[in-house]
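Trainee: just need the structure, nothing else, for what follows:
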Amino acid sequence: QVQLVESGGGSVQPGGSLRLSCAASGNILSINRMGWYRQAPGNQRELVVDITSGHTTNYADSVKGRFTISRDNSKNTVALQMNRLKPEDTAVYYCYAQVKTFSASYAWMQYWGEGTQVTVSS
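Mentor: The predicted model follows:
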């Protein structure tokens, strides 16, 4: 019903930058929150940042001042600009969206992308 397609990611040296993008498509009536989680090996998935349709943001303390989320409501897209990357940012990054679909407009459902690898290493 709803697909989230991520792009970006890759490998970079400490201090470098990367940009992730995510586009939602399908049977979408409305999107509330969109954002990014990440999961490093052996760790639980954790929130990196999310953003409401009104552009209110919620950043994890570990990325404040380094990462910036942006959103285009008209295109159902969200992007994450990651600057001053650190080795501890290495993880698989997952895009997510809280969506109401035309076929299930009574509830917000959470959808996930397949994930994209970010590796920060010298």
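Trainee: could you use CA atoms for every contact and neighbour count after this?
Mentor: Will do.
Trainee: surely Ser7 meets Ser21?
Mentor: Yes - assessed by CA atoms under 8 Å, Ser7 is found in contact with Ser21 at 5.2 Å.
Trainee: comparing these two, which residue is more hemmed in?
Mentor: Ser21 (20 against 15; other CA atoms under 10 Å).
Trainee: quick one: what helix or strand has the more buried one in it?
Mentor: Using DSSP states H and E, the element containing Ser21 is strand 18-26.
Trainee: what lines up beside that strand in the sheet?
Mentor: Note on strand 18-26: by DSSP bridges, its sheet partners are strand 2-8 (antiparallel), strand 77-82 (antiparallel).
Trainee: how about the shortest one: buried residues?
Mentor: Meaning strand 77-82. 77-80, 82 (16 or more other CA atoms under 10 Å).
Trainee: residues contacting the helix or strand of the chain with the lowest mean pLDDT, please?
Mentor: Within the chain, no helix or strand scores below strand 104-112, which has a mean of 92 by mean pLDDT, DSSP states H and E. Contact with strand 104-112 is made by 2-4, 29, 32, 94-100, as judged by CA atoms under 8 Å, 6 or more residues apart in numbering.
Trainee: what do you get for stretch 90-103?
Mentor: Contact with stretch 90-103 is made by 1, 4, 6, 22, 24, 27-41, 106-120, as judged by CA under 8 Å, 6+ apart.
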